[in-house]
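Asks: Sharing a model prediction with you, sequence too.
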Amino acid sequence: MEDNFQKACDTLSNTVDNTQFERFRWTRDEQPKIARMVELLRGAFEDREDFDLAEEGATGAVKRFVIKIHGQRTIAIAMSLQQGQVVIQCEPIERSRFTVNPGNPISDAFEHLDERWMEQALQLIFARIRPVGGNAQDQAA
C-alpha cells in the first residue's frame, strides 16, 4: 500500500516540477548507490599504501578517480549508474606513461555490487593497462 502511495506522490511531484522531482529522485535513489560504489572502490585499496586515489573530473552522476601508483599518475577509473546498472570503465589520462587497451565498460546490476565484485572488476581493468608505445606483453616482460 505504501509503495502505491509513494508512486502516486512521485507522479504528482514530477507533474508539478519535473526538474525539481529529478533532483529529489536522484538524491533519494541514485546518490546513495554512487556513494556505495565509491566506498567499495576506496576500500579495495585500503591496505595498499602504494596506490592512491585522487578524485578528478567527477560530476554528480559520474565519479572519476585517477589512480596513482608509487606517486605516478597511471589511469582513471570512471564509475556511474546507468539504468540501474553499475558501470565502471578505465580511461587514459594526461601526464601518464600508461594507456588503456580498448574494451567495453564493466557493468552489472547494482544488487550484485560488493567487495568481491569490485575487486574482480578492477582486476579486469588492470589487465587493460599498458605502457604508452608498448603492448600488454611488453609490460609482463
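Replies: Thanks, I have it.
Asks: Isn't residue 108 up against residue 114?
Replies: No - the pair residue 108 / residue 114 is not scored as a contact, 10.4 Å apart, by C-beta atoms under 8 Å. Backbone N, C-alpha and C define where each C-beta goes, glycine included.
Asks: Among these two, which residue is more densely surrounded?
Replies: residue 108 (14 against 10; other C-beta atoms under 10 Å).
Asks: Against residue 121, how distant is that one?
Replies: To residue 121, residue 108 is 8 Å away according to C-beta to C-beta, to the nearest Å.
Asks: who touches both of these two?
Replies: Overlap of the contact sets of residue 108 and residue 121 (by C-beta atoms under 8 Å, 6 or more residues apart in numbering) is empty.
Asks: So which residue is smack in the middle of the protein?
Replies: In the chain, the residue lying closest to the centroid (C-alpha atoms, centre = their mean) is residue 79, at 1.6 Å.
Asks: How far does stretch 17-29 sit from its chain's centre?
Replies: 21 Å (C-alpha atoms, centre = their mean, to the nearest Å).
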